[in-house]
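S.K.: Here is my input, please return the structure:
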Amino acid sequence: MERTILRRRALAACTAGVAVGVLALAGLTGSASADPAPHLPTPTVAGTEQLSPGLLKAMRRDLGLTASEARDRIGNESRAAAVAAGLRYSLGADFAGARVSGDDAALTVATTDAADAARVRRAGARPVVVEHSLAELESAKAALDRVALREAPLDIPAWYVDVATNRVVVQAARASAADAFLAAADVPHAVVTVSRSAERPRTFTDLRGGDAYYMNGSGRCSIGFPVKRGSGQSGFVSAGHCGTPGVSTSGYNQQAQGSFQGSTFPGRDYSWVATNTNWTPRALVNGYGNGDVTVTGSTEALEGSSVCRSGSTTGWHCGTVQQRNTSVTYQEGTVSGVTRTNVCAEPGDSGGSFVSGSQAQGVTSGGSGNCSQGGTTYFQPVNPALQAYGLTLVTSGTPTDPTDPPTDPGGSWAAGTTYAAGDVVTYGSGSYRCLQAHLAQPGWTPPNVPALWQQL
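M.R.: So this is what the prediction gives:
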């Protein structure tokens, strides 16, 4: 019986895509009923003293934080994310979501079992007992996504799992539209809150001249993050709606740059562009005259965390993560799996970088409003894009000088990618199967971490 319970918990953790690699930071001792944590290297958590002056300036303007308060908040949010990831693993199917609040990033973790409360408190978080597990809510949202993929729902601008209210929130212009949407997906009203909304989200592509990069010499978008594929090819990720495979790009200086190699939109909203050897990838995000931001990784921020965006139209703007795993209806169709924020954006910012501290979060997809009156912006998380195309995020530890000897043996494995149990990757000349779901960290290469990978 105990073995069956443990197996169910392990399956639930793998299905949820748990980042077990941060357990070493969570300070959890576990119990007889909890899964044993694999022995993994402790990921490096970047300090906050080297944060970009531009990012700190934007956080002061948009969040009202001094430089010291911004550094403290980002550090607190990073620690909270590590604790939350550990609890998600140990609570298994009971886990109902996590969020932070306030400048001290006070962590709240929801569970469906009151018996878990003591474990949550020992980890330094505030427990909340709720009715629905995160898996149950995400299953209901997935049913809505399947309906939307067949036909974008009219008068339904967005829907998402809201861990704060333990409900799936459906934004709707009309109550009857929400009722029809739920009925088509066979989702019960008991797990849903319908929120009246007149939003009309749009993508942020622009056809005006400016910086960033241009598609076929006309339309303009913003670079997300520099990447590498294997040991030789450089490029960057951006929004999928910015271009289709084969479309050529030119840089901010209108010099030949590269071409789109992959693009998904709608459904998801990511793409990648392979660049020529005239362009050297750097682990930086443009600070627009206030100091560039150095990217050190791509650990996902929790709901409530501070997040900042860099784009070629409006520069830096900041806000907070509202809900992850949101679905949004654009004129072109529905996009799922994006993150909803209260950061503003405008046309031309599409594809641009979202960061939390020094951690890459995603690329700007679309939204509503503008940076004069405020609005809502959605970003496509970067890790699924990296995984979809077999890319490696360029970070401060990644060699970028093309004259440096290559250290990447090649293959589809990439740090910063979320892997599920059963995924198969290549690394060098070998193939490996994922044993436990995790977010790959630098140094956790398949040959080095047998707890996570089995060679085939």
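S.K.: Going by C-alpha atoms from here, please, whenever you check contacts or count neighbours.
M.R.: Fine.
S.K.: How about the most centrally placed residue in the chain: what's its closest non-neighbour residue?
M.R.: Residue closest to the average C-alpha location in the chain (Cα atoms, centre = their mean): Pro381, at 3.1 Å. Nearest non-adjacent residue to Pro381, counting by Cα to Cα, 6 or more residues apart in numbering: Gly362, 4.0 Å away.
S.K.: What is the subsequent helix or strand relative to the longest strand along the chain?
M.R.: Ranked by number of residues, the top strand in the chain under DSSP state E is strand 315-330. Remark: after strand 315-330, the chain's next helix or strand is strand 333-341, criterion DSSP states H and E.
S.K.: Which residues outside the helix or strand that that next one is followed by are in contact with it?
M.R.: Downstream of strand 333-341, the next assigned helix or strand under DSSP H and E is strand 353-356. Taking contacts as Cα atoms under 8 Å, 6 or more residues apart in numbering, the residues outside strand 353-356 that touch it are 74, 222-225, 285, 301, 305-311, 360-364, 379.
S.K.: I'd say Phe181 and Leu144 touch.
M.R.: Yes. Applying Cα atoms under 8 Å, one finds Phe181 in contact with Leu144, separated by 7.3 Å.
S.K.: Tell me, please, the helix or strand in the protein that averages the lowest pLDDT.
M.R.: The helix or strand of the chain with the poorest confidence is helix 23-26; it has a mean of 26 (mean pLDDT, DSSP states H and E).
S.K.: Go through the following helix or strand past that one and flag the buried ones.
M.R.: Per DSSP H and E, the first helix or strand lying C-terminal to helix 23-26 is helix 53-63. Neighbour-count burial for helix 53-63 flags 53-60, 62-63 (criterion: 16 or more other Cα atoms under 10 Å).
S.K.: quick one on the thing from earlier: ok, now which ones touch the residue nearest to Pro381?
M.R.: Taking Cα under 8 Å, 6+ apart, we find Gly362 in contact with 224, 353-355, 379-383.
S.K.: what separates it from Gln380, distance-wise?
M.R.: 5 Å (Cα to Cα, to the nearest Å).
S.K.: Quick check: Leu154 touching Ala178?
M.R.: No. With contacts counted by Cα under 8 Å, Leu154 stays clear of Ala178, the gap being 9.3 Å.
S.K.: Show me the shaky parts of the stretch 1-150 of the chain.
M.R.: Scanning the stretch 1-150 of the chain for pLDDT under 70 picks out the ranges 1-49.
S.K.: and if we set it to 50?
M.R.: 1-46 (pLDDT under 50).
S.K.: Now do the helices in it.
M.R.: Using DSSP state H, counting those that start in this stretch, the helices of the stretch 1-150 of the chain run over 2-15, 23-26, 53-63, 67-91, 117-122, 134-150.
S.K.: Which residues does the last one contact?
M.R.: Contacts to helix 134-150, defined as Cα under 8 Å, 6+ apart, come from residues 16, 93, 95-97, 159-161, 163, 166-168, 181-182, 184-187, 191, 267, 327, 333-334, 336.
S.K.: If any of those are buried, put those into a ChimeraX selection.
M.R.: Remark: buried members of the contacts of helix 134-150, expressed as a ChimeraX selection using 16+ other Cα under 10 Å:
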select :16,93,95,96,97,159,160,161,163,166,167,168,181,182,185,187,191,267,327,333,334,336
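S.K.: What separation do you get for the residue nearest to Pro381 and Gly337?
M.R.: Going from Gly362 to Gly337 by Cα to Cα gives 11 Å.
S.K.: got any residues that touch both of these two?
M.R.: Counting by Cα under 8 Å, 6+ apart, the residues touching both Gly362 and Gly337 are 380-381.
S.K.: Can you list the buried residues in stretch 382-400?
M.R.: Buried residues in stretch 382-400, counted by 16+ other Cα under 10 Å: 382-395, 398-400.
S.K.: what do you get for stretch 113-133?
M.R.: For stretch 113-133, by 16+ other Cα under 10 Å, it's 113, 116-117, 119-120, 123-130, 132-133.
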